[in-house]
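Colleague: Predicted model, plus sequence, below.
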Amino acid sequence: MPTTPSTDFEKSLEELIRIVETGRAVIMCAEKHYCRYYRMVISGYLTVRGQQDVHIIERGRTKKHPITTFAVFRNGILTSPKKE
């Protein structure tokens, strides 16, 4: 089910993109597995908006954020429809 991002989320995302456009930005999270937490949502929105997003998995190991083949970005909303 699609969820419309909150106004606060949208404003924060736009602010983050403005910061990134002036150089580099880092979002810190203690969780190693980005795909289980909010980083997946933030990374998805950054990626579909043309920003490079790289996850630091552990020392010396990074991974470019993947957009799943079933993700849909429409009218400013990123969704991952359930498989039937």
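Modeller: In hand now; what should we look at? Numbers count the residues shown, from 1 in each chain.

Colleague: contacts and neighbour counts: CA atoms only from here.
Modeller: Will do.

Colleague: and Asn75, what is it in contact with?
Modeller: Applying Cα atoms under 8 Å, 6 or more residues apart in numbering to Asn75 gives no contacts.

Colleague: Distance-wise, check it relative to Val48.
Modeller: 12 Å (Cα to Cα, to the nearest Å).

Colleague: For the helix-or-strand element of the chain with minimal mean pLDDT, name the packing helices and strands.
Modeller: For the chain, counting by mean pLDDT, DSSP states H and E, strand 77-79 ranks last in confidence among helices and strands (a mean of 77). The contact analysis (3 or more Cα pairs under 8 Å, 6 or more residues apart in numbering; DSSP states H and E) places strand 77-79 against strand 72-74.

Colleague: in its sheet, what does the strand it packs on sit against?
Modeller: For strand 72-74, the paired strands and their directions (DSSP bridges) read strand 77-79 (antiparallel).

Colleague: Give me the buried positions along the partner strand.
Modeller: Within strand 77-79, the residues that qualify as buried are 78-79, counting by 16 or more other Cα atoms under 10 Å.
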